[in-house]
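[1] Provide a 3D model corresponding to the input given below.
(one chain, ligands or ions: 1)
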Amino acid sequence: MSHGFGPGFRGSTAESGAQEPSNGKKERMTLEEKAKRIVRALDQAFPEARVTLNFRNPLELLIATILSAQCTDQRVNEVTPSLFKKYRKAEEYVRVPLGELEEDIRPTGFFRNKAKNIQACCRELVARYGGEVPRTLEELTALPGVGRKTANVVLGNAFGIPGIVVDTHVARISRLLGLTREKDPVKIEFALMPLIPQRHWTRFSLQLIALGRSLCPARSPRCPSCPLRPFCDYALNHTGAAGKEKKKNL
Ligand code: SF4
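    Below you'll find the model as predicted:
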């Protein structure tokens, strides 16, 4: 697999714009050092970060993740108890008439597309993997309707194989922190991979998602309360000495 680092990638020797203000000295950090401190701060602030989709096996997580596109995890969790009771194996999603599956997942939105993807994906699982969910990024992303984000969610949370999940929070906060300038999720993932130790990839993603849902929502980041403030380019550029935010909307 080629790791195509984009133009915004800054290697480990690059200097970050971030400066640590705590000791009053204007000390410059390498991007690698900054990433290390961010990982440490996230571990302290969100030691228990977990995927919020409910599942009991890899197939359930794969289906739940497909359903979570353009939908809250909470809504998906309302639909999946009866769904997972009705469909226990990949072949059961294939056998059911498409219209019936559409109705079963309707509350998650975009249900026609999602039902079509679930059936196509499960058809492949049955045909190629005996109904089991494969354990590699390449095999997962070759399945219909499964992109890198979904594949990394499944790898990291169902199989314990580290993967960086670039959802909207991870993409936005990585840019705010100054870890990347990329906008494309795949380029962001490749920019983060050399900066974040591999064993932290899944946890790091879950922690940034937790941060995005709590202290750093897009419309009103609460920088003065944020554990990442000393390392965050946005906070350094948009908050005054007293920590008061100069600008609210990102
Ligand atoms: S310091 Fe502010 S902008 Fe930076 S990650 Fe924290 S809440 Fe978001």
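[2] Find the residue closest to residue 233 in space, skipping its chain neighbours.
    Closest residue in space to residue 233, ignoring its immediate chain neighbours: residue 178 at 3.3 Å, by CB to CB, 6 or more residues apart in numbering. To be clear about C-beta, it is placed using only N, CA and C from the backbone, and glycine gets the same treatment.
[3] and the gap between the one you found and residue 193?
    Per CB to CB, to the nearest Å, residue 178 is found 17 Å from residue 193.
[4] Not counting its neighbours along the chain, what's nearest residue 171?
    Nearest residue to residue 171, sequence neighbours excluded (CB to CB, 6+ apart): residue 188, at 5.3 Å.
[5] What of residue 55?
    Nearest residue to residue 55, sequence neighbours excluded (CB to CB, 6+ apart): residue 61, at 4.0 Å.
[6] Alpha carbons only: can I get the host helix or strand of the one you found in CSV?
    Using DSSP states H and E, residue 61 falls within helix 58-67. Written as CSV, here are the backbone C-alpha positions of helix 58-67 (Å, rounded to 0.1, in the frame of the first residue of the first chain):
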residue,chain,number,x,y,z
PRO,A,58,-17.7,-7.8,14.1
LEU,A,59,-20.8,-8.2,11.8
GLU,A,60,-23.0,-6.2,14.1
LEU,A,61,-20.3,-3.4,14.3
LEU,A,62,-20.0,-3.4,10.5
ILE,A,63,-23.7,-3.1,10.0
ALA,A,64,-24.0,-0.4,12.8
THR,A,65,-21.2,1.6,11.3
ILE,A,66,-22.8,1.5,7.8
LEU,A,67,-26.1,2.7,9.5
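[7] Which of the three states applies to the most centrally placed residue in the chain?
    By CA atoms, centre = their mean, the chain has its centre lying nearest to residue 165, at 3.2 Å. Reduced to three states with DSSP: H, G, I helix; E, B strand; the rest coil, the structure at residue 165 is coil.
[8] Following the longest helix anywhere in the chain in sequence, what is the next regular element?
    When the chain is parsed with DSSP state H, its longest helix is helix 111-129. Per DSSP H and E, the first helix or strand lying C-terminal to helix 111-129 is helix 137-141.
[9] Pull out the buried residues from that next one.
    137, 140 (16 or more other CB atoms under 10 Å).
[10] do stretch 109-128 as well
    Buried-residue list, stretch 109-128, by 16+ other CB under 10 Å: 111, 114-115, 117-126.
[11] Could you dump the residues you listed into CSV with distance to the ligand and pLDDT added?
    As requested, the buried residues of stretch 109-128 are exported to CSV (distance: CB to the nearest ligand atom, whole Å; pLDDT from 0 to 100):
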residue, distance to the ligand, pLDDT
111, 33, 98
114, 31, 98
115, 36, 98
117, 33, 97
118, 35, 98
119, 39, 98
120, 38, 98
121, 34, 98
122, 38, 98
123, 42, 98
124, 39, 98
125, 38, 98
126, 43, 98
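[12] Residue 88: which of those residues is nearest?
    Set against residue 88, the nearest of the buried residues of stretch 109-128 by CB to CB is residue 122 (11.8 Å).
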